[in-house]
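Asks: Sharing a model that was predicted from the sequence below.
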Amino acid sequence: MTTDPQPSPTGRLATVRRPFQWLVILALSLLFVALLELAALPAALLIGPMFAGIVCGINGATVRIPIPVFAAAQSIVGCLIAASISPGIFPVFLTEWPLFLGVVAATVFASSVLGWLISRWRVLPGTTAVWGSSPGAATAMVLMAGAFGADQRLVAFMQYLRVIFVSMAAALIARLWVDTSGVEVPPLVWFPHLEPVLFATTIAIGLGGTLAGRLLRLPSPYFLGAMILGTVLRLGAGIEFQLPQWLLAASYAAVGTSIGLNFTMPILRHAARALPQIVASILILIAMCGGLAWLISRTLGIDPLTAYLATSPGGMDSIAIIAAASHDVDISFVMALQTVRFLVVLLLGPGIARLVARAVRE
């Protein structure tokens with residue numbers, strides 16, 4: 001993870017005792033999460049603590065998430081990604097693989113060009129611009145970016161801003177085709193009954209993946225180690241996971257707070273100056289994916305909403321919820337294309353980032 005040296009004792013929180021700093025972070029996190037939930041914005045449990053960390057970080061907070069806690073949070077996110085990769089995507093992929101690869105290639109190419117332009121115009125550094133523009137799962141892209149030398153703070157700023165834009169655009173477009181007024185959102189169960197074997201298996205996979213990632217010296221070892229081990233066991237042995245909401249919330253909060261606390265006033269000003277260009281790149285990518293959806297719908301006869309949700313650049317969890325609200329949407333097609341694109345970006349992301357950074361230098 002990219003971090004700054006421990007901040008100098010400046011700012012309102014710099015001279016405050018550490019327990020009180022944690023209380024301030026907790027209170028602000030709860031406030032931001034509540035506001036984001038009221039506004040029906042996605043990823044509130046991660047973005048809220050990140051906002052709280054930013055506010056405290058630029059005001060001189062000296063506390064930091066302990067490395068073992070941050071490592072555990074990354075491994076849980078890795079298990080979550082592994083659990084979302086269903087064996088059911090393979091029949092869909094085998095049936096439509098030329099279409100899938102074509103759409104994924106076009107999306108990755110467009111996002112890479114946008115990243116290259118952002119870095120070429122000196123808005124953001126090369127690797128940071130590429131990882132921030134990558135159309136994969138936002139949290140995964142942020143964790144990977146830090147392992148490859150990108151500025152994790154600015155990548156998080158770009159990724160989560162795009163998650164909000166993409167999710168809101170998808171919800172708005174879905175409303176044009178689907179009446180969701182009568183759809184009841186299932187109640188959120190924070191403390192479900194724990195299945196001892198499933199829960200112990202999940203924790204063991206997270207721990208084993210973390211150790212394997214360190215031994216193999218993987219980039220972002222805690223996240224990638226747990227994700228790779230979990231995916232192999234899920235697809236190869238049918239292993240199931242149990243990830244209760246309280247555990248996911250704690251993991252999201254640890255990742256978000258850790259990223260936010262590393263923001264400083266200069267980096268925040270830089271992000272604010274880059275905001276117009278970043279928003280423009282997000283809107284261009286959304287429009288380009290919308291064009292691909294229109295082309296798929298017209299040429300292959302796939303219904304427009306299924307095509308649009310399948311090609312939306314990011315926000316897999318939000319896209320899945322929107323897709324599930326309609327009986328007309330082919331959810332297997334949507335999630336198969338989203339999953340294939342994520343895996344391709346995960347594999348090609350480091351190489352593309354290095355290539356763009358080299359091209360900018362030349």
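Replies: Alright, I've got the coordinates.

Asks: so where is the protein shaky, pLDDT-wise?
Replies: 1-10, 42, 136-137, 175-187, 314-318, 320-327, 360-362 (pLDDT under 70).

Asks: Nearest the geometric middle of it, what residue?
Replies: Taking CA atoms, centre = their mean, the centroid of the chain lies closest to A138, which sits 1.6 Å from it.

Asks: Quick check: closest non-adjacent residue to it.
Replies: Closest residue to A138 apart from its sequence neighbours, by CB to CB, 6 or more residues apart in numbering: Q159 at 4.0 Å. C-beta: built from backbone N, CA, C; applies to glycine.

Asks: Just give the number of residues close to that neighbour.
Replies: Using other CB atoms under 10 Å, Q159 is surrounded by 25 other residues.

Asks: Spit out the contact partners of I267.
Replies: By CB atoms under 8 Å, 6 or more residues apart in numbering, I267 lies in contact with 151, 153-154.

Asks: Secondary structure element holding it?
Replies: helix 265-300 (DSSP states H and E).

Asks: ditto for V24
Replies: For V24, the enclosing helix or strand under DSSP H and E is helix 18-38.

Asks: elements contacting that helix?
Replies: Contacts defined by 3 or more CB pairs under 8 Å, 6 or more residues apart in numbering; DSSP states H and E place helix 18-38 against helix 44-58, helix 245-261.

Asks: coming back round to it: among the contacts of I267, which one has the most neighbours?
Replies: Using other CB under 10 Å as the neighbour criterion, R153 leads these with 29 neighbours.

Asks: quick one: contacts for that one?
Replies: So, once contact is read as CB under 8 Å, 6+ apart, R153 ends up touching 2, 259, 262-263, 267, 271.

Asks: Give me whichever of the helices and strands packed on helix 18-38 is most buried.
Replies: Most buried of the helices and strands packed on helix 18-38 by mean neighbour count (mean count of other CB atoms under 10 Å) is helix 44-58; its value is a mean of 25.

Asks: Just want the angle from that helix to helix 18-38.
Replies: Counting by axes from the mean of the first three to the mean of the last three CA atoms, to 10 degrees, helix 44-58 points 140 degrees away from the direction of helix 18-38.

Asks: Mind listing residues that contact helix 44-58?
Replies: Residues contacting helix 44-58 (CB under 8 Å, 6+ apart): 7, 11, 13, 21, 24-26, 28-37, 41, 61, 139, 156, 160, 164, 248-249, 252-265, 268.
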